[in-house]
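Asker: What follows is a predicted structure for the sequence shown.
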Amino acid sequence: MTTMSIRVPDSLHNAIKDLATKEGYSMNQFLITAAAEKLSSLDTVDYLRSRAEHADLAAFDRIMKKIPSGPPDPGDELPPKYKRSRRTE
């Protein structure tokens, strides 16, 4: 394992310390978990972008057209203020 020193503003240090204590973590555990979550998030975005670049959108559209039209199942409705975006070709 490697030791790393970082400089953080006092306000951020205090916020991390307070939250880590509240959640029952050491600051070290908190920061390692936060860094791992961020890396995982960025890796996921990269993976999804790479999949999208190689996607066969015409095949996807053909499959989606096979789904019968109808109202959503209870609980699957869009929120009342949701605005649908239109995909441009």
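Answerer: Noted; the coordinates are in hand.

Asker: Next one: His54 from Ser41, what distance?
Answerer: In this structure, His54 lies at 21 Å from Ser41, with Cβ to Cβ, to the nearest Å as the measure. Using the backbone N, CA and C atoms, a C-beta is placed for each residue, glycine as well.

Asker: Can you pick out the residue with more neighbours from the two?
Answerer: For His54 versus Ser41, the count of surrounding residues by other Cβ atoms under 10 Å is larger for Ser41: 10 against 6.

Asker: buried stuff in the helix or strand in which that one is found?
Answerer: For Ser41, the element it lies in under DSSP states H and E is helix 27-53. Of all the residues in helix 27-53, those buried under the rule 16 or more other Cβ atoms under 10 Å are Phe30, Leu31.

Asker: need the contact list for the residue lying closest to Leu31 once chain neighbours are set aside.
Answerer: Leaving aside its chain neighbours, Leu31 sits nearest to Ile16 (6.9 Å; criterion: Cβ to Cβ, 6 or more residues apart in numbering). Contacts of Ile16 were listed using Cβ atoms under 8 Å, 6 or more residues apart in numbering, and they are Val8, Met27, Phe30, Leu31.
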